[in-house]
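K.L.:
Predicted model and sequence follow; I will ask about them next.
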Amino acid sequence: MNETMTHMPSTVLTGVSIRTSNLRESGPEAQIPLLWERYFAGGLQQQPSLKNPHVLYALYTDYESDVNGDYTLLLGHEVEPRLAGETSLNTAATATTPDAAYIKFTSKRGPVQRVVPELWQDIWAYFQNSDAERAYTGDFERYDLRGFDPADAVVDIFVAVKEKH
């Protein structure tokens, strides 16, 4: 795992979303795999209103509390703020990534269904032993779909952190 501090501006996203928790996702009621299926079946990446259709975000937002609480996960793409929610998909949801300080974590190369959960495990361990404190305002995975191979991927995860004053 490699990590770097960065600052990212807010970005308005439109896509499909669910409300879930890490506990729910670790059992038979897991919804995230179904959300991914819904995203790929919906053709959202073909919508003409997208700013960068090749960049897919998996935004974790609206945290109830911390790593143990409920959160919303939105899979989607960047749109102009004035066009948010104006896709032809009737399932479209909108959310905004926070303008914030982030620690960017980069996964190892490998199958996405393995490297992403492994990286999240590493991230949770990192924050148990770090001076940095998660903000729980919005975190996201970012995928470049140009030439994307789910069997051989490297993924960046941006975790919002509280800024020290």
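P.N.:
Right, received. Where do you want to start?

K.L.:
can you pull out the strands in this protein?
P.N.:
For the chain, strands defined by DSSP state E occupy the ranges 2-8, 11-21, 55-61, 70-78, 93-97, 100-106, 134-144, 156-161.

K.L.:
Show me where this structure dips below the pLDDT cut-off.
P.N.:
Counting by pLDDT under 70, the chain shows low-confidence ranges at 82-91, 165.

K.L.:
picking up where we left off before, mean neighbour count added to the strands of the chain, as CSV?
P.N.:
Any C-beta I mention is one placed from the backbone N, CA and C, and that applies to glycine too. What follows is the strands of the chain, written out as CSV (neighbours: other CB atoms under 10 Å):
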stretch, mean neighbour count
strand 2-8, 12
strand 11-21, 21
strand 55-61, 21
strand 70-78, 22
strand 93-97, 19
strand 100-106, 19
strand 134-144, 20
strand 156-161, 22
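
K.L.:
want to throw those strands into TSV with distance to residue 38?
P.N.:
As requested, the strands of the chain are exported to TSV (distance: least, CB to CB, whole Å):
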stretch	distance to residue 38
strand 2-8	26
strand 11-21	5
strand 55-61	13
strand 70-78	8
strand 93-97	11
strand 100-106	26
strand 134-144	16
strand 156-161	21
